[in-house]
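Colleague: sequence unknown, structure follows:
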DNA sequence: GTAATATACAACCAAATGGTTGTATATGAG
DNA sequence: CTCATATACAACCATTTGGTTGTATATTAC
C-alpha cells in the first residue's frame, strides 16, 4: 500500500531529521497542534535562527510543512511521512520473519 | 509493551545509523543472514575500514551485534531495536490521532 | 614456524552539521 | 507613517561524520 517510493536520499533526510531530540520534539508539537515558528523558538534554549534551521531540516525531510499566515509561518506535522518510515521498518521486520521462516523450513526438513 | 526506555542519546544513534544507505543495506543483509565483516566489506565500493566503521555505528545503535568466531566476526541484525523504533513512531501517530479525536469532539460539540 | 587472512584501530582530511550573530524584508498595530 | 513583530538568510565557527591509509594483532592454513 505504498503510494510512492522515497529515494535513498529522501530516506536519509527523514532519518537524519529524526536523529535529534529537538527536532523530534518539534514533530511531536506540530502533530498535536499547529504552531508558529516563534512558538517553537520560545520553547527551546537556542536562537530563533537555530530553531528555524531545525524546522527547515524537518521540512526538507517532509516531516512538517510550513504555511504562511500573514507574517507568521504555521508549522504542521506530516503524519504521512511518519507512516512511510514505519512501512519501511516493517519491510525490515519482514526480511527477518522470512529468515525465521526459512530456518523453520530447514529444521522441518531435517526432521524428516 | 515497551520493555525499557531508550535515552534520547540512544534514539539519536539509532536514527543517525539508519540515515545512510550503506548502513541500511548492512542491516538488511544481517537480518536475512549472518555475515562476516569481510563479506560486507566485499559488497561495497569502499575500504574495509570504512565498512568496519559503519558496522561499529550500527552496533553502537543496537541495530546489529558482532560475535567472534575464530578470527572472524559474525554480524547479526537486531530486530528488537527495529521494533523499538517502530513503537516510537507509533507513539507519534498516536499523538496525531489524539489530535484528530479532539477536533472531532470539538466539531461534535459545535453541532449541539 | 611462516605466511596468509580477518579484524582492530589510530591518524589524518574534506565535507556536513548545529550552533552563533548580524542584517534584511514583510506584515500588523497604533 | 512609524514602530514592533515574525521570519528569512548569509557568514562564520567548532565539532562530527565518513572516508582514507598505515600499522598492529590474532587466528588459521600449510
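Modeller: That came through, no problem. Note that the coordinates shown come from a computational prediction; the quantities given were computed from them, not determined experimentally.
Colleague: Can you see whether the strand or helix carrying residue A:17 contacts chain B, counting any residue in it?
Modeller: Using DSSP states H and E, residue A:17 falls within helix A:8-18. Yes - contact between helix A:8-18 and chain B, assessed by C-beta under 8 Å from any C-beta of the partner chain, occurs at A:8, A:11, A:12, A:13, A:14, A:15, A:16, A:18. To be clear about C-beta, it is placed using only N, CA and C from the backbone, and glycine gets the same treatment.
Colleague: And the residues you listed, which is closest to residue A:56?
Modeller: Residue A:56 has its nearest neighbour among these in residue A:13, at 11.2 Å by C-beta to C-beta.
Colleague: neighbours around residue A:37, how many?
Modeller: Neighbour count for residue A:37, taken as other C-beta atoms under 10 Å in any protein chain shown: 19.
Colleague: Contacts only, for it.
Modeller: A:48, A:51, A:52, A:55, A:66, A:72, A:73, A:75 (C-beta atoms under 8 Å, 6 or more residues apart in numbering or on different chains).
Colleague: Also residue A:48?
Modeller: By C-beta under 8 Å, 6+ apart, the contact list for residue A:48 reads A:37, A:38, A:41.
Colleague: In chain A, which residue sits nearest DNA strand C?
Modeller: Of all residues in chain A, residue A:70 sits closest to DNA strand C, at 2.4 Å by C-beta to the nearest atom of the strand.
Colleague: And that residue, its phi and psi?
Modeller: phi 60, psi -130 (degrees, to the nearest 10).
Colleague: And it, what's its pLDDT?
Modeller: Residue A:70 carries a pLDDT score of 94 in this model.
Colleague: Give me the neighbour count for it.
Modeller: A total of 6 residues lie near residue A:70 under the criterion other C-beta under 10 Å.
Colleague: That one and residue B:76, how far apart?
Modeller: Look at residue A:70 and residue B:76: by C-beta to C-beta, to the nearest Å, they are 55 Å apart.
Colleague: Good, we can wrap up now.
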